[in-house]
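Asker: kindly return the folded structure for what I paste below:
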Amino acid sequence: YDGKCVFCRIARREEPGTALLPCEDEDLVCFRDIKPGAPHHYLVVPVKHMGNCKTLKAEHIPLVKRMMEVGKAVLQKNNFSDLNDVRMGFHWPPFCSIAHLHLHVLAPASQLGFFSRLYYRINSYWFIT
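Answerer: Presented below is the predicted three-dimensional model:
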């Protein structure tokens, strides 16, 4: 836990302004992005403080898969069912504003605006899927 990290505080329910969405994985939390790039834009975050995506190793593959499953489940709970029109990924440092691992879940990807299409561009220098 890092008390200076806003995502750690959100995960511990210490940020009353951020509502957590129902999540069936006790090691993860999910909430809406404060600057949505799509009609559905959620962040899936480990409760335990982890560095950004550069710190991921092969042993973290199950965690990333669980993060993706939580993202899909949250979309479905929010009446979005076309899982072929979803973009998920991580901002690559130094382009991530918070140094706590967080998966962006955006849908429908087909409705991303001009800047969002750039900012969340698949496998770009700054966003990896």
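Asker: helix/strand/coil for Gly3?
Answerer: coil (DSSP: H, G, I helix; E, B strand; the rest coil).
Asker: can you give me the helices in this structure?
Answerer: 6-11, 61-77, 114-119 (DSSP state H).
Asker: distance to Met88 and mean neighbour count for the ones you listed - can I get that in TSV?
Answerer: For every residue, glycine as well, the C-beta is placed using N, CA and C. As requested, the helices of the chain are arranged in TSV below (distance: least, Cβ to Cβ, whole Å; neighbours: other Cβ atoms under 10 Å):
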stretch	distance to Met88	mean neighbour count
helix 6-11	17	20
helix 61-77	6	17
helix 114-119	14	13
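Asker: those: which one's closest to Met50?
Answerer: Closest approach to Met50 among the helices of the chain (Cβ to Cβ): helix 61-77, 8.3 Å.
Asker: so which elements touch that closest one?
Answerer: Packing partners of helix 61-77 (3 or more Cβ pairs under 8 Å, 6 or more residues apart in numbering; DSSP states H and E): strand 28-32, strand 40-46, strand 103-107.
Asker: circling back: among the helices of the chain, which is nearest His40?
Answerer: That would be helix 61-77 among these, by Cβ to Cβ, at 5.9 Å.
Asker: I figured Phe95 hits Phe127, correct?
Answerer: Yes: judged on Cβ atoms under 8 Å, Phe95 makes contact with Phe127 at a distance of 7.4 Å.
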